[in-house]
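Trainee: following is a predicted model, sequence given first.
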Amino acid sequence: MNNTIHDLLSAVGSPYANAQDCVDKCYGVEFSDVYAATLLLNKLVNFIDEDSSNDAELLCELFHIFLALIYQQGLGNSCLYIDDIAGKTLWLAPDASNQNDAFTFTHLAQIQTYLENVSTGLDKLEAIELAWPRLYTRRFYHYEKVLCDAVFSRVGHSSLGKNMSADADVNASANDTGAFEQTLKAQWPLVFGNETDILSSQALAVLNTLTSTFSIITGAAGTGKTYSVARLLYLAFSCLSVPPSNMLLLAPTGKAANRLQESISAELMRVKPVNDMPLFYQDLLQLQPLTLHRVLKINPNNGQAKYNLHNKLTAKLVVIDEASMVDLSLMCKLILALPADCRIVLIGDPNQLPSVEAGCILADIVRYAGTTLSKRKLSTCYSLLGMQLPNDVNDRVFHTEPLTSELASKNICVGLTQGMRSVDGINKVASAVLSGNVDKLIAMSENASTYARPPWSFVELDDSNDGKHIHLTGFVEKYVQNTLAPHFRHVAEQPSLLEAWNALRNFVCLSAFRVGAFGTEKLNQHVTKQLNFSVPSQSGFLKGQAIMIEKNDYALQLFNGDLGIVWPDEKGQFWAWFPNGVSSDATCHPLMFRQFSLYTLPQNSAAYALTIHKTQGSEYEMVDILLPEMQEKLVTRQLLYTAITRAKSNVSLYSSNRILGQTLQNDIKRSSGLDAMFAMREESMGES
Ligand SMILES: Nc1ncnc2c1ncn2[C@@H]1O[C@H](COP(=O)(O)OP(=O)(O)OP(=O)(O)O)[C@@H](O)[C@H]1O
């Protein structure tokens with residue numbers, strides 16, 4: 001068998017003349033996908049018997065199965081479900097112009113027979129793992145297995161302090177438990193002062209986390225996740241004796257880590273012991289959130305982590321914020337590098353956009369394990385504080401439905417549901433998006449018409465020329481002229497940097513993409529054009545201009561996605577200013593800025609309008625969302641949900657009915673085998 005893609009493709013009797021032909025005929029497939037699938041097949045033919053290696057139909061089918069696997073991984077799926085492709089046509093162009101293009105797979109039984117015929121070869125290939133009906137590349141199979149092992153090995157061990165347990169079924173040291181309870185009762189008024197009869201979901205989430213080695217706190221934006229984490233850190237030190245030096249606060253991106261620092265220190269300031277500030281408290285305030293890449297010291301050239309299975313991190317408590325953005329491979333690397341007795345806490349909103357790379361770990365675990373606590377766990381939490389479990393305690397934290405899995409009885413996850421920040425209307429709008437309910441979304445907007453500036457408005461754009469709706473053509477120019485340019489003119493007119501920054505952060509215009517008529521590039525160009533002669537400028541930068549960093553610069557501590565503002569110093573010289581979080585020194589202004597020369601900044605761009613992806617993890621008072629004028633598969637309900645939940649007070653969506661309807665139909669469902677692995681593990685535990 002020859003080694004070139006061209007030869008291999010023709011040898012397997014594929015319908016393609018060469019790799020480019022395959023790319024042209026399989027809509028969405030990239031050259032690298034064809035290359036990877038060809039390499040796999042090329043290797044496999046060395047390990048299979050002569051009959052099979054001469055069976056053109058089998059090889060052609062295998063080539064396309066490998067191609068589908070690589071293609072699915074590129075879309076963020078960790079595996080390929082064979083039953084999802086059997087008998088189906090893949091890669092058909094949207095206009096379906098040429099019926100000969102794309103590929104139709106044979107039926108399930110035939111694929112199963114093919115894979116059985118080459119099963120010995122697949123084993124020898126070592127790059128592929130078949131866990132029928134799932135097909136993986138070995139790497140992703142290994143990642144899911146590591147994660148499954150980590151969850152199961154940890155959830156069996158609810159723990160308090162060093163060797164303690166809150167659960168009745170695990171042996172506890174009475175002395176240690178007593179000391180824990182005593183300190184907890186003493187510290188409780190400081191952290192959850194008014195919760196003396198009924199515990200909120202936040203308090204229960206913190207107590208659950210303190211008594212578990214693996215736990216999750218989920219909730220939409222503003223439900224108090226950070227509020228809970230700050231109190232968890234405080235109690236972990238005071239009640240479990242975990243020193244801040246053994247705590248790791250992690251986030252998936254530098255920007256998310258910066259934001260976490262801002263919000264955590266603000267929350268920690270609120271639980272500050274008033275007159276008698278213990279020394280450790282200063283250390284807690286100094287706790288610097290890091291990215292996962294940074295803490296693991298991942299070599300950007302080869303992806304190898306300095307800290308790993310054989311060289312573990314020193315940590316007793318690890319909190320991973322924005323966990324929905326962490327991909328499978330990175331999470332797996334982190335878990336391998338953590339000591340077995342280290343508590344792992346995942347924080348995030350599983351309904352937001354999943355990670356850019358493959359995986360949807362948070363959503364997978366939460367779906368399988370549920371977000372409610374058992375009544376027994378609730379009683380334990382109340383009794384730790386010497387409180388009685390009320391008869392009418394909020395139902396939502398109980399297991400209200402029959403448990404579907406063993407893992408669901410392990411009290412892994414507490415869901416926070418009450419919005420503490422945004423007006424209630426925004427949470428309802430976000431829920432309607434998640435349930436895909438277009439009519440409800442539009443109706444909610446009509447009901448809101450009595451407000452001066454409604455919490456939610458849907459501004460319908462249309463092509464129909466009926467005179468009733470804003471016309472799609474020319475919309476962007478008008479929008480910039482009437483809304484976006486005046487906003488930034490207002491920012492530039494502010495008397496001080498701080499006021500300009502606050503004005504800038506008050507409002508954001510979000511678009512789904514960079515390119516296209518409704519893309520951020522076009523919007524930014526239009527704003528620059530509008531403001532060019534009416535706002536002071538220096539070296540091509542306008543006063544009050546929003547600026548976004550596009551590349552990490554560890555030396556300058558500026559990270560991809562960091563947002564800053566162009567503003568003059570007292571001598572009139574323009575600089576880029578980036579907020580520095582909240583100062584722990586109460587005498588300083590709460591918001592400090594770091595100042596950078598405009599000439600030495602890492603790669604950056606004007607940021608009058610931002611993509612939704614770039615604002616994941618940020619919040620604004622008011623948000624405008626522009627959906628693209630064309631139907632796009634990547635514009636999904638998760639994307640819209642993420643955009644809407646950036647708003648604290650008001651959100652306006654500009655789109656047509658048709659595009660909105662299609663967006664809500666595009667529901668990201670990533671394939672992963674975690675559910676199946678969890679179920680198999682439970683089954684094997686049941687048997688043993
Ligand atoms: N129990 C509470 N009592 C009073 N204020 C609260 C409570 N819980 C949260 N808050 C306040 O509500 C706001 C939002 O909370 P927080 O930032 O913790 O939410 P979040 O879920 O972390 O949001 P995001 O996902 O956007 O980071 C904060 O100002 C916080 O101080």
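Mentor: In hand now; what should we look at?
Trainee: compute the number of surrounding residues for Asp49.
Mentor: Asp49 sits with 12 neighbouring residues when counted by other CB atoms under 10 Å. Using the backbone N, CA and C atoms, a C-beta is placed for each residue, glycine as well.
Trainee: report the contact partners of it.
Mentor: Under the criterion of CB atoms under 8 Å, 6 or more residues apart in numbering, Asp49 has no neighbours.
Trainee: so which residues of the stretch 1-150 of the chain form strands?
Mentor: Applying DSSP state E, counting those that start in this stretch to the stretch 1-150 of the chain gives strands spanning 80-81, 89-90, 103-104, 128-131, 134-137.
Trainee: with the stretch 351-500 of the chain instead?
Mentor: In order along the chain, the stretch 351-500 of the chain carries the following strands (DSSP E, counting those that start in this stretch): 413-416, 456-462, 470-471.
Trainee: okay if I get the ones you listed as TSV plus distance to the ligand and mean neighbour count?
Mentor: Supplementary listing: these in TSV, determined by distance: least, CB to the nearest ligand atom, whole Å; neighbours: other CB atoms under 10 Å:
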stretch	distance to the ligand	mean neighbour count
strand 413-416	7	24
strand 456-462	18	20
strand 470-471	31	14
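Trainee: quick one: closest of the strands of the stretch 1-150 of the chain to Val476.
Mentor: If you check each of those against Val476 by CB to CB, strand 89-90 wins as the nearest, at 35.0 Å.
Trainee: for the strands of the stretch 1-150 of the chain, which one ends up most surrounded?
Mentor: Looking across those with neighbours counted as mean count of other CB atoms under 10 Å, the highest average goes to strand 134-137: a mean of 23.
Trainee: what sits up against that one?
Mentor: Contacts of strand 134-137 from elsewhere in the structure, counted by CB under 8 Å, 6+ apart, are 65, 69-70, 73, 78-82, 127-130, 144, 671, 673, 676.
Trainee: if we go to 10 Å?
Mentor: Where contact means CB atoms under 10 Å, 6 or more residues apart in numbering, the residues beyond strand 134-137 that reach it are 36, 40, 65-66, 68-70, 72-73, 77-85, 111, 115, 122, 127-130, 140-145, 358, 671-673, 676-677.
Trainee: thinking again about what came up before, quick one: which of the strands of the stretch 1-150 of the chain is nearest Cys26?
Mentor: The closest approach between Cys26 and any of those, judged by CB to CB, belongs to strand 103-104 at 6.5 Å.
Trainee: residues of this structure that sit close to the ligand?
Mentor: Applying the criterion CB under 6 Å from any ligand atom, the portion of the chain that neighbours the ligand consists of 202, 219, 221-227, 263, 267, 420-421, 619.
Trainee: just send these back as TSV, with neighbour count and pLDDT too.
Mentor: Rendered in TSV, the data for the residues of the chain next to the ligand read as follows (neighbours: other CB atoms under 10 Å; pLDDT from 0 to 100):
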residue	neighbour count	pLDDT
Gln202	25	94
Gly219	25	92
Ala221	24	83
Gly222	21	83
Thr223	23	89
Gly224	21	91
Lys225	23	93
Thr226	20	92
Tyr227	24	93
Ser263	20	85
Glu267	19	87
Met420	13	80
Arg421	16	68
Glu619	18	83
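Trainee: ok, back up a step: including mean pLDDT, could the strands of the stretch 351-500 of the chain go into TSV?
Mentor: Listed next are the strands of the stretch 351-500 of the chain as TSV, based on pLDDT from 0 to 100:
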stretch	mean pLDDT
strand 413-416	91
strand 456-462	86
strand 470-471	64
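Trainee: now distance to Lys312 too, for the ones you listed, in JSON lines please.
Mentor: As requested, the strands of the stretch 351-500 of the chain are arranged in JSON lines below (distance: least, CB to CB, whole Å):
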{"stretch": "strand 413-416", "distance to Lys312": "26"}
{"stretch": "strand 456-462", "distance to Lys312": "48"}
{"stretch": "strand 470-471", "distance to Lys312": "58"}
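Trainee: please enumerate the strands of the stretch 201-350 of the chain.
Mentor: If DSSP E, counting those that start in this stretch is used as the criterion, the strands of the stretch 201-350 of the chain fall at 214-219, 247-251, 290-291, 317-320, 343-348.
Trainee: ok, which of those strands comes nearest Arg489?
Mentor: Here strand 247-251 is closest among the strands of the stretch 201-350 of the chain (CB to CB), at 34.2 Å.
Trainee: on that earlier part again, for Val326, find the nearest of the strands of the stretch 1-150 of the chain.
Mentor: strand 134-137 (19.3 Å).
Trainee: could you list the paired strands of that closest one along with their orientation?
Mentor: Here strand 134-137 has these sheet partners by DSSP bridges: strand 80-81 (antiparallel), strand 128-131 (antiparallel).
Trainee: worst mean pLDDT among those?
Mentor: The weakest mean pLDDT among the strands paired with strand 134-137 belongs to strand 128-131, with a mean of 92.
Trainee: who's in contact with that strand?
Mentor: Here strand 128-131 makes contact (CB under 10 Å, 6+ apart) with 40, 43-44, 65-66, 69, 79, 82, 115-116, 118-119, 121-123, 135-142, 144-145, 673, 676-677, 680.
Trainee: among those residues, the buried ones, what's the ChimeraX command?
Mentor: Selection command for ChimeraX covering only the buried members of the contacts of strand 128-131, criterion 16 or more other CB atoms under 10 Å:
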select :40,43,44,65,66,69,79,82,115,118,121,122,135,136,137,140,141,144,145,673,676,677
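Trainee: narrow the contacts of strand 128-131 to those in helices?
Mentor: 40, 43-44, 65-66, 69, 82, 115-116, 119, 121-123, 138-142, 144-145, 676-677, 680 (DSSP state H).
Trainee: now the closest residue to Ala236 other than its chain neighbours: how far from Glu267?
Mentor: Closest residue to Ala236 in three dimensions, ignoring its sequence neighbours and counting by CB to CB, 6 or more residues apart in numbering: Val242, at 4.5 Å. According to CB to CB, to the nearest Å, Val242 and Glu267 sit 18 Å apart.
Trainee: quick one, phi psi at Pro252?
Mentor: Reported as degrees, to the nearest 10, the phi and psi values for Pro252 are phi -70, psi -30.
Trainee: pLDDT score assigned to the closest residue to it other than its chain neighbours?
Mentor: With CB to CB, 6+ apart as the measure, Met325 is the residue that lies nearest to Pro252, at 4.2 Å, once sequence neighbours are left out. Reported pLDDT at Met325 in the predicted model: 92.
Trainee: my read is that Met325 contacts Ala256, right?
Mentor: Yes. Shown here, Met325 and Ala256 form a contact pair, counting by CB atoms under 10 Å, at 7.1 Å.
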